[in-house]
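Participant: need a structure here:
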Amino acid sequence: MIPIRDANPSLTTPAVTLLLIVVAVFVWLFVQPRDPQADLEFTYRNAAIACELTTLERLSVEEITSGACRDDGRVGFFPGKSLILSVFVSMFLHAGLLHLAANMWSLWIFGNNVEDAFGKIGYFLLYLGSGAAATVGFVAVNPETTIPLVGASGAIAGVMGAYLVLFPAARVVSIIPIFFLIPLTLPAVVFLIIWFVSQFAFVGATTGVAWEAHVAGFVFGAAVALLLRRPLLARVAEHHAALRRYR
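Facilitator: Next up, the predicted model:
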């Protein structure tokens, strides 16, 4: 299912959500090279790669060309690459325009309300934490892959997990690709559980979808929101009260 919108208006200006979208679009338009070969080199130079994170060694030329991960101390092709920084850089890189558009649309739908609950700083930390957890989940399942991991979907999955915990009764309007003319309005708890379970359909598939990252990010975001649910919902209630006073 593809989300179209939710019936859950933002209570504050979603500044961080907007900033994350602007940064991701800027990186896609002005930082990532348009030439496919240059973009491939750029991605290997900057993105998180499971083999590098498990061996703590930068990929050698042989590993890049063969796709085989080796912990043999060979000189890395990009010796100045920061492995820790690559985890966070990956969240702002995308494999294509459709990849970028789908991620940013989902972030816009679910991010504003989660930002209301967490506040600006807390929401930003949740986003980065979910993205990092998504990378850890992917690496744990694919420790020897030399394919770069790119995209904000793991971090956004964390936002969606938090949304499930905080706003389960909110209504989400979505469409099923094979029935474009029939929009469905579902409780967020139904939509998000279906989305979460559907990730396991990619197990063993060769679609390039990093389902492990999605699952790990979602679980992390839901766990954080569950742990902090009472104060988070109290902040949302305060926003509602403030809006009533100004009406």
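
Participant: tell me which element residue 45 is part of?
Facilitator: If you go by DSSP states H and E, residue 45 is part of helix 36-46.

Participant: Need the residues that contact that helix.
Facilitator: 32-33, 59, 64, 77-78, 81, 86, 89-90, 93, 148, 150 (C-beta atoms under 8 Å, 6 or more residues apart in numbering). Glycine gets a C-beta too; all of them are placed from N, C-alpha and C.

Participant: Any stretches of this protein with poor pLDDT?
Facilitator: 178-181, 205, 247 (pLDDT under 70).

Participant: before we move on, the earlier item: and the helix holding residue 45, what's buried?
Facilitator: By 16 or more other C-beta atoms under 10 Å, the buried positions in helix 36-46 come out as 42, 43, 44, 45, 46.

Participant: quick one: secondary structure of residue 119?
Facilitator: What DSSP: H, G, I helix; E, B strand; the rest coil gives for residue 119 is helix.

Participant: ok, now which ones touch it?
Facilitator: Contacts of residue 119 (C-beta under 8 Å, 6+ apart): residue 235.

Participant: How about residue 12?
Facilitator: With C-beta under 8 Å, 6+ apart, residue 12 has these contacts: 115, 116, 239.

Participant: For it, give its distance to residue 91.
Facilitator: 23 Å (C-beta to C-beta, to the nearest Å).

Participant: so how far is residue 86 from residue 114?
Facilitator: For residue 114 relative to residue 86 (C-beta to C-beta), the value is 26 Å.

Participant: Looking at those two, which has the bigger crowd around it?
Facilitator: Using other C-beta atoms under 10 Å as the criterion, residue 114 and residue 86 rank with residue 114 on top: 28 against 22.

Participant: The more buried one contacts residue 122, doesn't it?
Facilitator: No: applying C-beta atoms under 8 Å, one finds residue 114 not in contact with residue 122, separated by 9.5 Å.

Participant: And the helices in the chain, which stretches?
Facilitator: 15-26, 36-46, 50-55, 61-66, 83-89, 97-141, 153-166, 188-198, 211-227, 229-246 (DSSP state H).
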